[in-house]
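> Please work out how this folds:
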Amino acid sequence: MHTPEFPFERDPDNVRRAVQEMRIDYPVAIDNDYAVWSAFDNPDHVQIVIHNYRWRLGLADGESEYAELELRLAQGPVIAVPTITLEGDANGAPHSDPSSYTGKFSGTYSHRTIEGGIGHNLPQEAPDAFADAVLEVGGRGR
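The predicted structure follows:
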């Protein structure tokens with residue numbers, strides 16, 4: 001579902017072009033009259049999204065009722081399967097140096113920073129690099 005923020009996003013041709021450029025392979029409906037958006041009746045949407053990003057960056061506390069669960073998840077088991085982690089060079093979110101989490105992997109492990117203005121959605125923004133990593137970790141490099 002696409003709910004436009006800007007006037008140019010209301011034009012189906014512009015949306016169609018963006019869907020093709022972003023290689024979105026599922027149907028995208030356009031909610032120009034905000035009928036679907038309004039049906040959710042969520043006046044707190046913006047605050048929730050902003051809080052979520054602040055929490056991810058460590059700038060806000062999470063839900064205290066989940067604190068114990070989050071600690072357990074953070075300690076998670078060592079990952080024993082072959083792994084390649086990917087990060088876009090233009091992600092924008094602060095991340096630890098990849099060397100700081102190599103201890104979470106006991107199998108073959110490597111990290112790649114994908115360059116070229118790539119953000120956080122690598123399958124969409126760098127599909128070839130993403131596919132290459134999937135094929136390589138699966139033992140079928142191309």
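> Tell me where this structure has helices.
For the chain, applying DSSP state H gives helices covering 12-21, 35-40, 45-56, 67-75, 122-125, 127-137.
> which residues touch the helix or strand of the chain with the lowest mean pLDDT?
When the helices and strands of the chain are scored by mean pLDDT, DSSP states H and E, helix 45-56 comes last with a mean of 82. Helix 45-56 is contacted by residues 42, 60, 61, 62, 93 when judged by Cβ atoms under 8 Å, 6 or more residues apart in numbering. Yep, even glycine has a C-beta here, placed from its N, CA and C like the rest.
> Recalculate using a threshold of 10 Å.
Contacts with helix 45-56, where a contact means Cβ atoms under 10 Å, 6 or more residues apart in numbering, come from 37, 42, 44, 59, 60, 61, 62, 63, 93, 94.
> go on, stretch 133-140?
Contacts of stretch 133-140 (Cβ under 10 Å, 6+ apart): 81-86, 107-110, 112, 114, 122-123, 126, 141-142.
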